[in-house]
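**Student:** The sequence and its predicted three-dimensional model are supplied below.
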Amino acid sequence: MDFKEVIIITLILLIIGINIVYVSINTLRTILVIKGQRLFASVISVFEVGVYLFGLTIVLKNLDKPVNIIAYCIGYGAGVYIGSLIEQYLALGYVEFQIIVDSVEQDLPRLLREKGYGVTSWNGEGKDGLRLVLRVLAKRSNEKKLMKYLNEIAPNAFVISYEPKNFIGGFWTKNIRKF
C-alpha cells in the first residue's frame with residue numbers, strides 16, 4: 001500500500017469517525033431537549049456543531065471522490081445507532097408503569113413499596129370483574145429490573161409503561177428536584 005492509498009483510507013475513516021461522534025452527540029442533545037434538560041443540551045451543542053463543521057469541511061474539500069460522501073453517509077447512520085445505544089445506557093429520566101392484575105387480593109403494592117418504588121393503587125372493574133390497578137414510578141435505569149421483578153411476582157399482570165415528563169407534588173418530587 002502506497003502513501004496515497006494510506007491517506008485515502010485515513011480520510012475515509014476520519015470522515016466516518018467524525019460523523020459517528022457528531023450524530024451521537026446530536027442524538028443525545030435532542031433527547032436532552034425533549035426531557036427538559038435545555039442547559040445541558042445547549043452546552044453539548046457547542047461541541048456538536050464544532051465536530052459537524054470540522055467533518056463537513058473535510059468532505060466539502062474532497063467532493064471529487066464519491067467514496068468520501070459514502071463515508072459521510074455511513075458515519076451518519078452509525079452515529080444514529082451508537083447515539084441511541086448511549087442514550088439507552090444512560091437511561092435518562094423516569095418511567096411510569098400501569099399494572100393491572102386479575103385479583104384485588106394481591107399483595108403487590110406492599111411488595112413494590114418494600115423495593116422502594118412509589119405505588120398508587122385502586123380497584124378497577126374489567127370485563128371479568130374487579131381488578132387491582134397500580135401506578136408505579138421508577139427511574140428509567142431501573143426499568144428492566146422492575147419488569148423482571150413484576151414478571152416474577154405477577155406473571156399474568158397486564159403492564160403498560162411510558163415516560164412522564166413533568167412532576168408536581170408527591171413524595172417523588174423531592175428526590176427528582178435534587179437532580
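**Tutor:** All right, it came through fine.
**Student:** got a list of contacts for stretch 80-92?
**Tutor:** 20, 23-28, 31-32, 35, 37, 139-141, 143 (C-beta atoms under 8 Å, 6 or more residues apart in numbering). C-beta coordinates here come from the backbone N, C-alpha and C atoms, glycine included.
**Student:** mind listing what's buried in it?
**Tutor:** 80, 82-83, 87, 92 (16 or more other C-beta atoms under 10 Å).
**Student:** Give me the subset of these that lies in helices.
**Tutor:** Judged by DSSP state H, the subset of the buried residues of stretch 80-92 located in helices is 80, 82-83, 87.
**Student:** So which elements touch the strand ranked longest in the chain?
**Tutor:** Secondary structure of the chain per DSSP state E: the longest strand is strand 129-139. Counting contacts by 3 or more C-beta pairs under 8 Å, 6 or more residues apart in numbering; DSSP states H and E, strand 129-139 packs against strand 94-101, helix 108-114, strand 118-126.
**Student:** what distance separates the helix or strand following it from the centre of its chain?
**Tutor:** Going down the chain from strand 129-139, the next helix or strand is helix 143-153, by DSSP states H and E. Centroid separation between helix 143-153 and its chain, computed with C-alpha atoms, centre = their mean, to the nearest Å, is 19 Å.
**Student:** With stretch 24-34 instead?
**Tutor:** Here stretch 24-34 is found 10 Å from its chain centre; the criterion is C-alpha atoms, centre = their mean.
**Student:** outside of that stretch, which residues touch it?
**Tutor:** With C-beta under 8 Å, 6+ apart, stretch 24-34 has contacts from 38, 40-41, 44-45, 47-48, 51-52, 79-80, 82-84, 86-87, 90, 92.
**Student:** ok, now how distant is K144 from I168?
**Tutor:** Applying C-beta to C-beta, to the nearest Å, one obtains 27 Å for the distance of K144 from I168.
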